[in-house]
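In: sequence first, then the predicted structure, then my questions.
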Amino acid sequence: MYKLADELVELGIERIKGFPVEGFVRGRGPEHPAIMLVGEAPGENELETGIPFTGRAGKELMASLKSVGLEREDVYITSAVRSRPYKWGKKKERDGRITERKYNRAPKKQEIIAHAPLLDAEIKDVAPPIIVTLGNIGLRRLIGPEAKVTQLHGVLMETPILRWDEGSKQFVETEEIYHVFPTFHPASVFYNPPVRTLKDEDWQKLGELLRMK
Ligand code: URA
């Protein structure tokens, strides 16, 4: 099992202080995973379990993994941000009362920058044979802000990726070339059901690529 160094966890907690986020969930997986999955950020469920992708989206993701003969234990799962970004919203209780509660939200650019050194370290240490980005947040973190999952999904890219350069305070391209396979975030099928077919086709293509290796 790969374990992100405690100093990096502390750095991540320190760098994200002051943003509306809570908790910290480490990325998880073996030292030599079949693939590395890069999502957005943990949500409420993941904060409770301390394990990435354990909510509804996680169930969907596990089904995709199973469809290509993989299990959670075979892959490394992480995301652009490792704390849960939240926003306050109103909830109508059964008795009609309105209460305030925290809802999950996508991470913002400054939050992604705050945790960029963590993902950079994970990618460098784990050196996965293929990085599978789940949704636009993970894809743009690695390929750049113009990238679109709807255009790039389902095709293996051989490309430099972006890493955070603290000196110049910007993302710069790596010298190394990586294999990046963009696909949809598993939760996208809940709010956009037609995406399911595309997502399932992507996973079949990924399965073929893994069999060819
Ligand atoms: N979405 C993510 O990107 N990561 C999780 O762990 C859960 C949901």
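Out: It's in. Residues are numbered from 1 along each chain as shown.

In: can you tell me how far residue 153 is from the ligand?
Out: 16 Å (Cβ to the nearest ligand atom, to the nearest Å). Just so you know, the C-beta spots here come from the backbone N, C-alpha and C atoms, and that holds for glycine as well.

In: so which bits of stretch 89-106 are buried?
Out: 104-106 (16 or more other Cβ atoms under 10 Å).

In: among these, which are in strands?
Out: Among the buried residues of stretch 89-106, DSSP state E puts residue 104 in strands.

In: how close does residue 187 get to the ligand?
Out: 7 Å.

In: so which elements touch the longest strand belonging to the chain?
Out: Across the chain, the strand with the greatest residue count (assigned by DSSP E) is strand 84-92. Strand 84-92 sits against strand 21-22, helix 44-49, strand 98-104, with contacts defined as 3 or more Cβ pairs under 8 Å, 6 or more residues apart in numbering; DSSP states H and E.

In: number of residues surrounding residue 67?
Out: 13 (other Cβ atoms under 10 Å).

In: apart from its chain neighbours, what residue comes closest to it?
Out: residue 203 (5.4 Å; Cβ to Cβ, 6 or more residues apart in numbering).

In: equivalent analysis for residue 9, please.
Out: For residue 9, ignoring the flanking residues on the chain, the nearest one in space by Cβ to Cβ, 6+ apart is residue 24 at 6.3 Å.

In: pLDDT value on the one you found, please?
Out: The model reports residue 24 with a pLDDT of 97.

In: re earlier: what about the longest strand of the chain, average pLDDT?
Out: Averaging pLDDT along strand 84-92 yields 95.

In: that strand pairs with which strands, and in what direction?
Out: strand 21-22 (antiparallel), strand 98-104 (antiparallel) (DSSP bridges).

In: so is it next to the ligand?
Out: No - against the ligand, strand 84-92 shows no contacts by Cβ under 6 Å from any ligand atom, the least distance being 8.9 Å.

In: got a list of contacts for that strand?
Out: 19-23, 25, 41-44, 46-47, 98-108, 111 (Cβ atoms under 8 Å, 6 or more residues apart in numbering).
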